[in-house]
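1. Have a look at this prediction, sequence included:
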Amino acid sequence: MKRKLSDSDMEGKDSVATLRRRIKQQGRLTTVLGLILLLGLCVIGVNVYELKALKSTGSHHGGGHHEEGREAGRMDEKRPVHAVNAMDVRKPHKAWINSRGRSHLQHVIAVFERLGYDTSATREDSWDVMWSHEYPFGQLGGLLTEMKATQKVNHWPGSGYLTMKGNLATSKLKSTPLGFRIPKEVAEFRAEAKEHPDKLWVQKSNNHRGVRIKKVEEMELLDVPYDANVFVQEFISNPLLIDGRKFDIGIYTVITSVDPLRVYIYEEELLLRFCSQPYHPLDVVEMNKYVVTDDYTPTWKIPLLVSLYNDYHYSHKQTLATHLRREGYDPDKVWTAVKDSIREAVFAKEPDFKRSLQRYPSNRNFFELVRFDFVIDEKLNVWLMEVNMSPNLSSGHFAPNKWLYEQVVYNALRLVGVAKMTPTNIRDVNRDEREMLVNSRDIQVAPEHCTAEDCTGDCGKPVCKLCQVCRAAHVSDTFKDAFLEHVNRGNFRRVIPEPLEIVPSSIDAAEDEKLSDNNKLMVMWFRGKCRLDPAWCL
């Protein structure tokens, strides 16, 4: 006889059934979680594989020159698109700050670090950019002949021909006061001094020490070693004065290419420095009356300018221009003369630059930031006094100049392509990124010539070298560099090749007889771009 189940028995039976159902549900949940985990691992594996493939592809495409044309187009069509941010996998770019100290380069270092660079690099590291305060081609000449195509150095071989004071002063340029090498040109100097007894002269050396007005009979002209780099130069005795003080203006200039020449000036601002003592009465013993020293008087301490600079917040350049207009002068005359002088000086030293470059495998590793210093006379003539290699960029004496220095450095690095989130010449930029920034279609000009029979059947004419069908690969690289400089120039403006005030009727550069063939080709390309888009004229 079966025993009737009690209430407690029924409750136990229900509890067992419930437990079994829970165990079964947990088993299903565990299975689902396991499948999800497995799927996640598979996705991670695929991503790792594709990431490695992407890095490999980037390295392959960034490693050398690629011919442009149909085959490259087919390769691009087949290349898969990866939804991976390549910037996330790059190592920090490295800037080698090559200097005996770092405090005077604090603004340079600050700009590099804001751009994401590691500034602790040394000679032994795989650096991307070297910023050297000293001229690097003596001590590091051997190392710099073995640079990678992607590395950049902030000096040009041979730039001393432009920045050594004796070399510039004795070049007999129209915009430099007349100078003579001592003792080599003593006879010529004596003849000039005799013919113009009213002229004043200063005796200088490359280290710029001991500059002082002297009478001819007071100068050491004969007992001077030939290698002492001593020279005598005419003194500009009628300088334009502001508040009774002599001043000079410094124009920051970047040379981005030597063959062909491309030169830019910082258009937005300049350095304005005043002598620390009034010019009159002139006392030749008191150098601070007529020589701008490191302890110069800044713009904001000149009574006639302080309101323009402090209250109206004008730049040095705007402050000077406003004052000149008030005094009845045309500042545009000054700016035009400054640009003409810079062009004259750089073209005069072009052969020296080219000769110095011959031992280096590429002319695309270098750029240089210099400062051209000018004095203005009472007739608004502009006189080039010197060109400073590694100009002072420290605001230790004058804190308000901090932003001037940092803007100049930032715009210079931007101009040469190392200050962008997607640089054009850093080690891990692949072909896709370069093509995104500039490709072969961006550099085409002169369709009226390139599509005509003259250039489609024969490449003999100079203008045909601009065309895709006739253009050499290295010329395409030059045009791409020029394209990116124009796009990224910031506050810099081109002075070489000379900007065009109006759209030219022709791109021919045959009238520029003094230009080398490469310079003519560069001029024609800019003219061609100007004819297609007037924004390229200036």
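-> Arrived safely, thanks for sending. Numbering: from 1, shown residues only.

2. Tell me where the model's unsure across the protein.
-> Applying pLDDT under 70 to the chain flags residues 1-40, 42-90, 207-210, 420-429, 510.

3. Would you point out which residue is most central in it?
-> Most central in the chain under CA atoms, centre = their mean is A412, positioned 3.4 Å from the mean C-alpha point.

4. That one touches V254, doesn't it?
-> Yes - shown here, A412 and V254 form a contact pair, counting by CB atoms under 8 Å, at 5.1 Å. (C-beta placed from N, C-alpha, C; glycine too.)

5. Name the residues contacting each of these two.
-> Shared contacts of A412 and V254, defined by CB atoms under 8 Å, 6 or more residues apart in numbering, comprise 266, 367, 369, 492.

6. what's the farthest-apart pair in those residues?
-> Taking CB to CB, the two most distant members of those are Y266 and F367; they sit 13.8 Å apart.

7. which residues do the two both contact?
-> Common neighbours of Y266 and F367, counting by CB under 8 Å, 6+ apart, are 254, 412.

8. report the longest strand in the protein, please.
-> If you go by DSSP state E, the chain has its longest strand at strand 245-258.

9. Note down every partner strand of that one and its orientation.
-> Sheet pairing for strand 245-258, assigned by DSSP bridges, gives strand 241-242 (antiparallel), strand 261-266 (antiparallel), strand 271-274 (antiparallel), strand 368-376 (antiparallel).

10. Which positions in that strand come out as buried?
-> 245-258 (16 or more other CB atoms under 10 Å).

11. Next: stretch 172-181.
-> Result for stretch 172-181 [16+ other CB under 10 Å]: buried residues 173, 175-181.

12. List of residues touching that stretch?
-> 166, 168-171, 186, 188-189, 192, 230-236, 337, 340-341, 344-345, 348, 382-385.

13. Which of those residues fall in strands?
-> Mapping the contacts of stretch 172-181 onto strands (DSSP E) picks out 230-235, 382-385.

14. Give me the buried entries from these.
-> Here, 16+ other CB under 10 Å leaves 230-235, 382-385 buried among those.

15. what's the most distant pair in the residues you listed?
-> For those, the maximum inter-member distance is 25.8 Å, found between V230 and V382 (CB to CB).

16. if I look at K204, how far off is R212?
-> Distance from K204 to R212, counting by CB to CB, to the nearest Å: 9 Å.

17. between those two, who's got more neighbours?
-> Counting neighbours by other CB atoms under 10 Å for K204 and for R212 shows that K204 has the greater number, 22 against 15.

18. Please list the residues outside the one helix or strand that one maps to that contact it.
-> Element membership of K204 [criterion: DSSP states H and E] is strand 200-205. Here strand 200-205 makes contact (CB under 8 Å, 6+ apart) with 165-166, 169, 182, 193, 210-214, 216, 219-220, 228-235, 237.

19. Now the terminal residues of stretch 113-131, how far apart.
-> End-to-end distance for stretch 113-131, by CA to CA, to the nearest Å: 13 Å.

20. so how far is stretch 480-499 from its chain's centroid?
-> Offset of stretch 480-499 from its chain centre (CA atoms, centre = their mean, to the nearest Å): 10 Å.

21. swap in stretch 339-358?
-> In this view, stretch 339-358 has its centroid 17 Å away from the chain centroid, taken as CA atoms, centre = their mean.

22. Just the C-alphas of that stretch, formatted as PDB.
-> Provided in PDB are the C-alpha atoms of stretch 339-358 (Å, rounded to 0.1, in the frame of the first residue of the first chain):
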ATOM      1  CA  LYS A 339      63.000  91.200 -49.800                       C
ATOM      2  CA  ASP A 340      65.200  92.400 -52.700                       C
ATOM      3  CA  SER A 341      68.200  92.300 -50.400                       C
ATOM      4  CA  ILE A 342      67.500  88.800 -49.200                       C
ATOM      5  CA  ARG A 343      67.200  87.600 -52.700                       C
ATOM      6  CA  GLU A 344      70.400  89.300 -53.800                       C
ATOM      7  CA  ALA A 345      72.400  87.800 -50.900                       C
ATOM      8  CA  VAL A 346      71.100  84.200 -51.300                       C
ATOM      9  CA  PHE A 347      71.600  84.200 -55.000                       C
ATOM     10  CA  ALA A 348      75.200  85.500 -54.500                       C
ATOM     11  CA  LYS A 349      76.000  82.500 -52.300                       C
ATOM     12  CA  GLU A 350      74.100  79.900 -54.300                       C
ATOM     13  CA  PRO A 351      77.300  78.500 -56.000                       C
ATOM     14  CA  ASP A 352      78.900  78.000 -52.600                       C
ATOM     15  CA  PHE A 353      75.800  76.200 -51.300                       C
ATOM     16  CA  LYS A 354      75.800  73.800 -54.300                       C
ATOM     17  CA  ARG A 355      79.500  73.100 -54.100                       C
ATOM     18  CA  SER A 356      79.200  72.300 -50.300                       C
ATOM     19  CA  LEU A 357      76.300  69.900 -51.000                       C
ATOM     20  CA  GLN A 358      78.300  67.700 -53.400                       C
END
